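A.B. asks: my questions concern the predicted model and sequence given below.
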Amino acid sequence: MNKPISEIVDLRGRPLGQRALKKRRQLMDATVELLKQRSLRDLRVVDIARAVGTSPATFYQYFKDVEDVARQLAEEATEKMPSLMKLFEGDWQGEQGLQKARDVVDAFIQYWDEHGAVLRVRNVAADEGNPHFLAVRSKATTPLLGAMTQHMEKQWANSTEKRSTKMKPLAAAVAMGAILDRLSAYRKELETLGLSRADIVETSAHILHKTLSS
């Protein structure tokens, strides 16, 4: 969960007052806006400080460097991730299950619409092997993959239908997670190809529903 305000401290371990908390928030919000325009490597402390009318010295009261503020933003986004686990409970058969799938996809897209700039930085850094961003991404994705895996294990155990033993629940969950992540990340680009948000939700929902209910 997000830290209570009383637990937020500067780099010296001192609790922040209201004015300091406001300044820290301004620096984080400015970083988000700048990350919509440039990569993490191209972003400098002075750019962030200038965006809020302060000095780099003020920035360094709260963050070690640009990567530090980006990591904290990624952690914050993880804590704000919609709770999707309950949607995987119960019966996923028929129209009820398909509606659950729509709700999951819609929530994923909304989440990316709100935090896309930070999530892209997180994923690029994690793909490059950055241990801090790998940990943050794992924290965000592991519960969701676990929920899908557990649902499929239960569903397949109770099914009388014969299925290939080569298809593994965890691998299927990872595949679905990748689909949801990438489609949500590039939804706006896909719209230039003529695909609407509704198209993406409905198609992805059918794939997710088929995977989890088969």
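C.D. replies: Looks like it came in fine.
A.B. asks: per the record, what domains does the protein have?
C.D. replies: Per automatic domain parsing, the structural domains of the chain span 5-63, 78-213.
A.B. asks: let me have those in CSV, adding mean pLDDT as columns.
C.D. replies: Output for the domains of the chain, formatted as CSV (pLDDT from 0 to 100):
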stretch, mean pLDDT
domain 5-63, 90
domain 78-213, 88
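A.B. asks: of all those, which lies closest to Val69?
C.D. replies: Between Val69 and the domains of the chain, the shortest gap by C-beta to C-beta is with domain 5-63, which sits at 4.4 Å. The C-beta positions use only the backbone N, C-alpha and C, and glycine is treated the same way.
A.B. asks: what about that closest one, distance to the chain center?
C.D. replies: Using C-alpha atoms, centre = their mean, to the nearest Å, the mean C-alpha position of domain 5-63 is found 21 Å from that of the whole chain.
A.B. asks: residues making contact with stretch 53-63?
C.D. replies: Contacting residues not belonging to stretch 53-63 are listed as 10-11, 16, 20, 23-24, 27, 45-46, 48-49, 69, 72 [C-beta atoms under 8 Å, 6 or more residues apart in numbering].
A.B. asks: buried ones among those?
C.D. replies: Leu16, Ala20, Lys23, Arg24, Leu27, Val45, Ile48, Ala49, Val69, Gln72 (16 or more other C-beta atoms under 10 Å).
A.B. asks: so the last one sits in a strand?
C.D. replies: No - when classified by DSSP: H, G, I helix; E, B strand; the rest coil, Gln72 is found to be helix rather than part of a strand.
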